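Peer 1: prediction below, plus the sequence it came from.
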Amino acid sequence: MPNAEALKTNTDFRRAYTRGKSYTNPALVAYVIKNRAGLCRVGITASKKIGNAVQRNRARRVIKEAFRLIEFPILGNFDIVFVARSKTVYKKSTEIYGIMLDMLKKAGIIDYEATSY
C-alpha cells in the first residue's frame, strides 16, 4: 500500500463508521475521516453477506490490489475503510481501481493535478 499502514483495531473501524464521511458505489463503500496518527491508515472489510470465505478473501484481495495501484500522494492524515459489497466479487482490480480513484477524488484526499494524465 502506498505510504499507508493497516487499520487494525475495532475502535478505529467504529470511529470511521460513525464519524467518517461515506462514499458509496454498488461495488464498494469508503469511509474517510481525518486522524492524528501522522500517516494514512487503510482498513478493508468484507462481511458474510458477500458470500463464503473464498469470495470474501477474493473481494479483500481485489480491493487491496486496487489501492496498491494508486500511486498518487494522499494529502493529509486519514483513516480510510473500504467495505466490499456483493458486486465486488465479480469485478476486477482495475475496475475497482477506477471506482476507488473517483471516491478518493470526491473525498478530496488525492491531488487532482496528479491524477490527470
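Peer 2: Arrived safely, thanks for sending.

Peer 1: which stretches of the chain have low pLDDT?
Peer 2: Within the chain, the ranges that satisfy pLDDT under 70 run 1-3, 112-117.

Peer 1: where exactly do the helices run in the chain?
Peer 2: Assigned by DSSP state H, the chain shows helices spanning 10-19, 53-69, 93-107, 112-115.

Peer 1: for A4, find the nearest of those.
Peer 2: Closest to A4 of those is helix 53-69 (CB to CB; 7.7 Å). All C-beta atoms are positioned from the backbone trio N, CA, C, and that covers glycine.

Peer 1: name the nearest residue to R41, sequence neighbours excluded.
Peer 2: L7 (4.4 Å; CB to CB, 6 or more residues apart in numbering).

Peer 1: please identify which of the helices of the chain is closest to L28.
Peer 2: Closest among those, using CB to CB: helix 93-107, at 5.4 Å.

Peer 1: and that closest one, what does it pack against?
Peer 2: strand 21-25, strand 28-34, helix 53-69, helix 112-115 (3 or more CB pairs under 8 Å, 6 or more residues apart in numbering; DSSP states H and E).

Peer 1: out of the ones you listed, indicate the one that is most buried.
Peer 2: For those, the largest average neighbour count (mean count of other CB atoms under 10 Å) is found in strand 28-34, namely a mean of 20.

Peer 1: would you list the helices and strands packed on helix 93-107 in CSV and tack on distance to Y97?
Peer 2: Shown next, in CSV, are these (distance: least, CB to CB, whole Å):
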stretch, distance to Y97
strand 21-25, 12
strand 28-34, 10
helix 53-69, 4
helix 112-115, 12
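
Peer 1: out of those, nearest to V83?
Peer 2: Per CB to CB, nearest to V83 of the helices and strands packed on helix 93-107: strand 28-34, 4.2 Å.
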